[in-house]
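Enquirer: okay, sequence plus prediction incoming.
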Amino acid sequence: MIEHDDDFSQWCDPLTQLPLQHVVRDWSIEKLRSGHEICIIFFDIDDFALFDRLYGHMSGDRLLERVGRIIAEELDSHLSIACRRGGDEFVVATLHTPDEAQQLAVRIARKVEEIWLHGVRKKVSVSYSVSVGRRSDEREDLHYAATVDNLLLRASRLCMQHTPP
């Protein structure tokens, strides 16, 4: 998790305890500024709206908490950071190679499929995608932010094209 002296709620999502989006974005910009290649892994819980309607918002919140915990447990905090992007979407930014990021995404997706919640019969799954990028010799910091935004957009679009099983 993020180490800081300020109010915890400024930095973490209260439901999942993952860092907020802006923390992940700032981390990603800093890594690009340092000359690193980053990968963005985008996760979307399949049929979450249906899940929420069938089992209620309390079960939906428990599912989001569990997915957030799985993601956090699978990350090496020296190489990666994650956030809940909004609703049922999660983002991992990582310094892993594209192949390693893909393996990480598969590992997380498999662990999500093992989630069991009391009173829930529906199998849980996630769609995911990985996008990769690097910026070097930038003229302005704005370009790093644009690169991160483009990676997020690309990963989100790829993820949304996936058809759940």
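Expert: Perfect, thanks for sending it. Numbers count the residues shown, from 1 in each chain.
Enquirer: restrict the worst-scoring helix or strand of the chain on mean pLDDT to CA atoms and write it as PDB.
Expert: Every helix and strand in the chain was compared by mean pLDDT, DSSP states H and E; the lowest is helix 141-161, with a mean of 85. Taking Å, rounded to 0.1, in the frame of the first residue of the first chain, the C-alpha atoms of helix 141-161 are listed here in PDB:
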ATOM      1  CA  ASP A 141       5.500  16.600 -18.400                       C
ATOM      2  CA  LEU A 142       2.100  16.800 -20.100                       C
ATOM      3  CA  HIS A 143       3.300  14.100 -22.600                       C
ATOM      4  CA  TYR A 144       3.800  11.600 -19.700                       C
ATOM      5  CA  ALA A 145       0.200  12.200 -18.500                       C
ATOM      6  CA  ALA A 146      -1.100  11.800 -22.100                       C
ATOM      7  CA  THR A 147       0.800   8.500 -22.400                       C
ATOM      8  CA  VAL A 148      -0.700   7.200 -19.200                       C
ATOM      9  CA  ASP A 149      -4.200   8.400 -20.300                       C
ATOM     10  CA  ASN A 150      -3.700   6.700 -23.700                       C
ATOM     11  CA  LEU A 151      -2.600   3.400 -22.100                       C
ATOM     12  CA  LEU A 152      -5.600   3.500 -19.800                       C
ATOM     13  CA  LEU A 153      -8.000   4.200 -22.700                       C
ATOM     14  CA  ARG A 154      -6.500   1.500 -24.900                       C
ATOM     15  CA  ALA A 155      -6.600  -1.100 -22.100                       C
ATOM     16  CA  SER A 156     -10.200  -0.100 -21.300                       C
ATOM     17  CA  ARG A 157     -11.300  -0.400 -24.900                       C
ATOM     18  CA  LEU A 158      -9.600  -3.800 -25.300                       C
ATOM     19  CA  CYS A 159     -11.200  -5.100 -22.200                       C
ATOM     20  CA  MET A 160     -14.700  -4.000 -23.200                       C
ATOM     21  CA  GLN A 161     -14.300  -5.800 -26.500                       C
END
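Enquirer: contact partners for R84?
Expert: In this structure, R84 makes contact with 13, 15-16, 18, 21, 64, 68, 90, judged by C-beta atoms under 8 Å, 6 or more residues apart in numbering. Where you see a C-beta, it was placed from the backbone N, CA and C, and this is true even at glycine.
Enquirer: got a list of what the residue nearest the centre of the chain touches?
Expert: What sits nearest the mean C-alpha location of the chain, by C-alpha atoms, centre = their mean, is V91, with 1.8 Å. Residues near V91 by C-beta under 8 Å, 6+ apart: 21, 24, 40-43, 82-83, 85, 152, 155.
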